[in-house]
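[1] here's a sequence, model it:
(3 chains)
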Amino acid sequence: MPELPEVETVANGVHERVHGARIRAVSLGPHKEPLKSAPAHIEATLTGARIEGVRRVGKTIVMDVKQRNGKPAQATIHLGMTGRLLVSDRNVPLPPHTHVTLHLDDKRDVRFVDPRRFGRMGIVDEGTTYEGPGKEPLTITADEFAALFKGRKTSIKAALLNQSLLHGVGNIYADESLFHASIRPARLAGTLKRSELNALHTALQKVLRHAIQLGGSSVSDYVDADGVRGFFQLEHRVYSRTGEPCKTCGKPIEKITLGGRSTHFCKHCQK
DNA sequence: CGCGGGCCCTGTGAGC
DNA sequence: TGCTCACAGGGCCCGC
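    Sure, this is the predicted structure:
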């Protein structure tokens, strides 16, 4: 489901609701795929811990906690395609596909729900801090950004999706930022001129910030921690608009596959 | 090492 | 109306 703006929206919403709360107990569902760490380790780390904060790193939600013994620890939640992190009153029925429930000491739960089970929740190794696999798109400089793509033989679209380069960009925002930078997704990353990379750097940050302001994109059933939909899908120029007229030139938006994912662009506006 | 493709899952919606 | 099939916002793993 979620890319950087959606994960940011969820993390901020959960943070506002639960920071400072204590986790009284932890319940785990029957499936083990959604757990990145041993079930007993997740339970032992989080039971009795106080939630210090919830934030986003790349597409991952990081929950900073202070354990009963006073030691800091971190839980990570990656939402995959269909994951949700909900704060619910405990009397609200547990949704199907709930894999982890953190029972707070104030009659509320934090619930990790994921029908498709591509998401993962885990505990960060003791003594280390989660940094994510790549660079942060919102704060990377133009110089650092350009350096990422030097010598790359893959398409710029695939490179944008490579989380070990930039973390947080997914299919929607890769397509949208390439449109705003007027660059065709199939162009080889290593062949882009510095002026084009500068335009892409600017477009990417602008698109991501705008999407965060609108609470992310709600395609299908995405909702934030309050069950509220985002509105950035109304701003999409190319994503999921195959055959519809380009909002700049009127020619139909094309769809191809790159990096194994559907890729939308305007042949006329993007060079 | 870098890159592309297959695969992991369930739900939804288009098309028949 | 009801069924089947393709496809979905991600990323790991494997082989080349």
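
[2] distance of residue A:166 relative to DNA strand B?
    13 Å (C-beta to the nearest atom of the strand, to the nearest Å). No exception for glycine: its C-beta is placed from N, CA and C like everyone else's.

[3] wait, doesn't that residue sit right on residue A:139?
    No - assessed by C-beta atoms under 8 Å, residue A:166 is found out of contact with residue A:139, at 10.9 Å.

[4] looking at these two, which is more packed in?
    Under the criterion of other C-beta atoms under 10 Å, the comparison of residue A:166 against residue A:139 puts residue A:166 first, with 25 against 8.

[5] residues from the stretch 101-250 of chain A in reach of DNA strand B?
    Contact residues (C-beta under 7 Å from any atom of the strand) of the stretch 101-250 of chain A with DNA strand B: A:115-118, A:152-155, A:158-159, A:162, A:189, A:220-221.

[6] contacts for stretch A:31-41?
    Residues outside stretch A:31-41 that contact it (C-beta atoms under 8 Å, 6 or more residues apart in numbering) are A:28, A:42, A:76, A:99-100, A:112, A:114, A:117, A:119-123.

[7] which of those fall within strands?
    Judged by DSSP state E, the contacts of stretch A:31-41 include A:28, A:76, A:99, A:100, A:112, A:120, A:121, A:122, A:123 as members of strands.

[8] tell me which helix or strand comes right after the longest helix anywhere in chain A.
    For chain A, the longest helix by residue count, based on DSSP state H, is helix A:194-213. Remark: after helix A:194-213, the chain's next helix or strand is strand A:254-258, criterion DSSP states H and E.

[9] I'd like the next helix or strand past that next one.
    As assigned by DSSP H and E, the chain's next helix or strand after strand A:254-258 is strand A:261-265.

[10] that following strand close to DNA strand B?
    No - judged by C-beta under 7 Å from any atom of the strand, strand A:261-265 makes no contact with DNA strand B; its nearest approach is 9.0 Å.

[11] each with direction, which strands does that strand pair with?
    Strand A:261-265 has its sheet partners listed here by DSSP bridges as strand A:254-258 (antiparallel).

[12] just the helices from the stretch 1-150 of chain A, written as ranges.
    Along the stretch 1-150 of chain A, counting by DSSP state H, counting those that start in this stretch, helices occupy A:4-18, A:39-46, A:142-148.

[13] name the stretch among those helices that sits most buried.
    For the helices of the stretch 1-150 of chain A, the largest average neighbour count (mean count of other C-beta atoms under 10 Å) is found in helix A:4-18, namely a mean of 23.

[14] contacting residues for residue A:160?
    A:166, A:169, A:174, A:177, A:178, A:204.

[15] can you tell me, leaving aside adjacent residues, what's nearest to the last one?
    For residue A:204, ignoring the flanking residues on the chain, the nearest one in space by C-beta to C-beta, 6 or more residues apart in numbering is residue A:177 at 4.1 Å.

[16] confirm that the one you found sits in a strand.
    No - the assignment for residue A:177 is helix, going by DSSP: H, G, I helix; E, B strand; the rest coil, so no strand is present there.

[17] where does chain A have low pLDDT?
    Filtered on pLDDT under 70, chain A yields the residue ranges A:1, A:219-228.

[18] who in it is up against DNA strand C?
    Taking C-beta under 7 Å from any atom of the strand as the measure of proximity, chain A contacts DNA strand C at A:1-3, A:6, A:58-59, A:78, A:80-81, A:116, A:118, A:161, A:163, A:170-172, A:216-222, A:230, A:260-262.
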